[in-house]
Every structure is written in C-alpha cells, then in structure tokens.
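J.: sequence first, then the predicted structure:
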Amino acid sequence: MSGQSSIWWTKSSGTGTESGALADSTNSAKWSGGEVILFNETSVNTAGGHIFTSEYTIRNSVAENTKVDGTGNDVQDMGLDGVDVQITGLFKDTDATNNDVKKLMAWANEAKTTTGFTEGRMGLRVDDFPYFNMIPTSTYGYILNDLRFIRDPNKENRAGFVISLRVGGAIRSWFDTNGYSAE
C-alpha cells in the first residue's frame with residue numbers, strides 16, 4: 001500500500017493487527033472500514049484523510065548532578081525515556097457523515113488500554129517511514145495522548161488534525177524486536 005498510512009484501535013477481543021481491526025465485525029454497523037483510519041500521503045484532491053507531516057521524538061533521560069564546589073555539573077545517562085509520535089494532516093469532507101472524525105472522537109473517549117493490550121491499544125503503519133510502525137501486543141502499544149482539530153472558516157468542509165501518540169510499556173523490547181539494538 002505505498003502512499004498509504006493507517007492508524008487503528010484494537011478491541012479486547014482483537015488480534016492487535018490492522019487487518020483484525022479492519023475486519024472488526026462488532027462495529028461494522030457503526031463504522032465503515034472497522035476500527036481503522038486510512039490516510040493518503042498525496043495532495044488533497046480526493047475525499048478522505050491526508051497526512052502532511054509526521055514527527056517522531058525519542059526521549060532519553062539525562063540527569064544533571066550539581067557539583068557545589070566543582071567547576072561543572074555532571075550529567076548522567078538514565079536511559080531511554082519514551083517515544084512520541086505526532087501526525088498532522090487534513091480531513092476533507094468533514095460534514096456529519098465523516099466516520100473518521102467520529103472514530104477519533106470515540107477513541108479519545110474510550111480507555112487507552114484494554115484486556116490483552118494493557119500497555120496501549122493503538123497501532124500505526126506508515127509505509128514510506130516504517131521505523132515507528134507498531135502492532136500493539138500485550139507488552140507494548142501506542143496510547144492516544146492528544147487529539148486536536150483545527151477548523152479554518154475559509155476552508156469549508158475541511159478540518160486539520162493533530163494526533164499525538166506515545167509508546168506505552170516495554171519500549172526497549174519494542175526497539176529490540178525491530179532490530180534497533182546496538183549491543
């Protein structure tokens with residue numbers, strides 16, 4: 001699916017995978033396309049969602065130990081602190097029938113963890129930058145941290161969005177599973 005990205009919500013009875021969220025029969029009457037939102041990474045010429053930018057922050061904890069009588073403070077590596085992802089884009093056709101906006105609102109309202117996915121229940125796929133793709137498991141997953149909509153009155157029937165995700169659980173295990181271990 002080159003040129004596509006997706007974000008999905010995993011149910012307690014789900015597999016954690018995008019295809020499992022797509023085939024979620026419990027919400028088929030409520031949401032077309034299951035518990036998945038697809039985004040094109042192309043210009044805004046067609047209906048749907050479009051991603052403009054994605055930002056990925058890897059935070060490390062660095063403690064500073066003051067030396068009262070010394071010439072400089074010591075800093076100490078405390079290890080990996082967290083991973084934050086921010087996705088910015090635009091929804092076209094934001095009238096009352098837009099299920100993607102409704103899905104995000106429902107996901108923001110629901111618990112961020114669930115049975116079997118106690119560290120986060122959101123998954124992410126970005127085909128052309130897969131380093132932060134994640135299928136939630138029992139030990140790690142994305143947690144929906146913030147959700148923001150930006151409505152420009154000069155752009156009728158469109159709304160910008162900013163989705164902030166944070167990795168919950170065993171971050172180092174997720175790094176190691178994806179081959180991001182140096183030792």
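T.: Everything's here; your move. Numbers count the residues shown, from 1 in each chain.
J.: so residue 112, which state does it fall into?
T.: Following DSSP: H, G, I helix; E, B strand; the rest coil, we place residue 112 in the coil state.
J.: residues contacting it?
T.: 120-122, 143-144, 168 (Cβ atoms under 8 Å, 6 or more residues apart in numbering). Where C-beta positions appear, they are placed from N, C-alpha and C, glycine not excepted.
J.: now residue 169
T.: Residue 169 touches 118-120, 139-141, counting by Cβ under 8 Å, 6+ apart.
J.: among these, which are located in strands?
T.: Of those, the ones assigned to strands by DSSP state E are 140-141.
J.: tell me the one among the contacts of residue 169 nearest to residue 83.
T.: Nearest to residue 83 among the contacts of residue 169: residue 140, at 9.8 Å, using Cβ to Cβ.
J.: what distance do you get for the residue nearest to that closest one when sequence neighbours are not counted to residue 158?
T.: Closest residue to residue 140 apart from its sequence neighbours, by Cβ to Cβ, 6 or more residues apart in numbering: residue 169 at 3.6 Å. Residue 169 is 35 Å from residue 158, where distance means Cβ to Cβ, to the nearest Å.
J.: quick one on the thing from earlier: turn the contacts of residue 112 into JSON lines, including distance to residue 108, pLDDT and neighbour count.
T.: Formatted as JSON lines, these follow (distance: Cβ to Cβ, whole Å; pLDDT from 0 to 100; neighbours: other Cβ atoms under 10 Å):
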{"residue": "120", "distance to residue 108": "14", "pLDDT": "94", "neighbour count": "25"}
{"residue": "121", "distance to residue 108": "13", "pLDDT": "94", "neighbour count": "29"}
{"residue": "122", "distance to residue 108": "11", "pLDDT": "95", "neighbour count": "26"}
{"residue": "143", "distance to residue 108": "11", "pLDDT": "96", "neighbour count": "17"}
{"residue": "144", "distance to residue 108": "6", "pLDDT": "95", "neighbour count": "19"}
{"residue": "168", "distance to residue 108": "16", "pLDDT": "94", "neighbour count": "24"}
